[in-house]
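**Q** Dropping the sequence and predicted coords here.
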Amino acid sequence: VPLQKAKTFQKNLGGNFPIMVHVGANPPQLKEVLDLMDDNDILTHGYNGKPNGILDKSDNIRQFVWEAYRRGVTFDVGHGTDSFNFHTFDIANAAGLVPYSISTDIYNRNRINGPVYNMATTLDKFLMYGYSLSDVINKVTAAPANNFNLINKGQLKPGYDADLTIFKLEKNKEVTLTDSNHNHRQFKQHICPKMVVVMGKTYQIGE
């Protein structure tokens, strides 16, 4: 019902504003949610390992998920404490059901105790899957800005907000990456933030 009402508000506002929907445990069923979503809407937490997820009991991507994806519903990661599963993403990624944007769903507990920790660690997981550095950076800058029609963010261009993270890609650095269900994988690259620029002020990481 909340999504139905949100779609009514969206229509009354001219349909130009996206609705971002968080999914997970049911009710409602994932199919009921996706059936209401249009090509300017965003699904987050889509790669979770829950029964009410994108995979059926045989580990196939459900047909209604493909239908939503192909009609243009935007899939966002939304890692979080309980919403990113390596096994689910193995299958989705191999099949081509790839996320348009990457987000952390970070808050105090999953920042301190994991499995999120920070944006850099989240991006390491997608480097592990073979995504290029430029692709993962795009998925946390230009892509989310486009999701929400933020015309002054997401790119290094005159007139855009110049909030930056300066980082080093450390190669041959062994890291243990953990999904939301305590599964571990090893990887030998790490995005290491060194400095940030926020509203024209520069800060060393750790300050």
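**A** Right, received. Where do you want to start? Residues are numbered from 1 along each chain as shown.
**Q** can we go C-alpha only for contacts and neighbour counts from here?
**A** OK.
**Q** shaky segments in this protein?
**A** Residue ranges of the chain with pLDDT under 70: 206-207.
**Q** All the helices of it, residue numbers only.
**A** Along the chain, the segments classed as helices by DSSP state H run 2-12, 30-36, 63-70, 86-95, 108-112, 119-128, 133-139, 142-147.
**Q** Counting neighbours, which bits of the fifth one end up buried?
**A** Judged by neighbour count using 16 or more other CA atoms under 10 Å, the buried positions of helix 108-112 are 110-111.
**Q** Show me what that helix is packed against.
**A** On a contact count with 3 or more CA pairs under 8 Å, 6 or more residues apart in numbering; DSSP states H and E, helix 108-112 meets no helix or strand.
**Q** Would you pull up how far it lies from the middle of the chain?
**A** Once both centres are worked out by CA atoms, centre = their mean, to the nearest Å, helix 108-112 turns out to sit 17 Å from its chain's centre.
**Q** List of residues touching that helix?
**A** The list of residues contacting helix 108-112 from outside it, by CA atoms under 8 Å, 6 or more residues apart in numbering, reads 80-81, 116-118.
**Q** Would you format the helices of the chain as a markdown table with distance to D163 included?
**A** Supplementary listing: the helices of the chain in a markdown table, determined by distance: least, CA to CA, whole Å:
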| stretch | distance to D163 |
| --- | --- |
| helix 2-12 | 30 |
| helix 30-36 | 34 |
| helix 63-70 | 31 |
| helix 86-95 | 30 |
| helix 108-112 | 21 |
| helix 119-128 | 15 |
| helix 133-139 | 14 |
| helix 142-147 | 13 |
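**Q** For G114, grab the count of nearby residues.
**A** Neighbourhood size, G114 [other CA atoms under 10 Å]: 20.
**Q** what's it in contact with, if anything?
**A** T81.
**Q** Who wins on neighbours among the contacts of helix 108-112?
**A** Of the contacts of helix 108-112, with other CA under 10 Å as the count, V116 tops at 26 neighbours.
**Q** Return the distance of the closest residue in space to N60 that isn't next to it in sequence relative to Y129.
**A** Nearest-residue entry for N60: I91, 7.8 Å, with adjacent residues in sequence omitted and distances by CA to CA, 6 or more residues apart in numbering. As defined by CA to CA, to the nearest Å, I91 lies at a distance of 12 Å from Y129.
**Q** and if you look at I191?
**A** Distance, I191 to Y129, using CA to CA: 14 Å.
**Q** Of those two, give the one with the bigger neighbour count.
**A** Between I191 and Y129, counted using other CA under 10 Å, the more crowded position is I191 (20 against 15).
**Q** and D76, how many neighbours?
**A** For D76, the count of nearby residues is 26 (other CA under 10 Å).
**Q** wait, isn't it in contact with D105?
**A** No: counting by CA atoms under 8 Å, D76 sits too far from D105 to count as a contact (10.6 Å).
**Q** Excluding covalently adjacent residues, which one is nearest to K139?
**A** That would be S101: by CA to CA, 6+ apart, it lies 4.4 Å from K139.
**Q** Okay, and the beta partners of the one you found?
**A** With DSSP bridges applied, S101 shows beta-bridge pairing to D76.
**Q** shouldn't it be in contact with H79?
**A** No: at 11.2 Å, S101 does not count as touching H79 under the criterion of CA under 8 Å.
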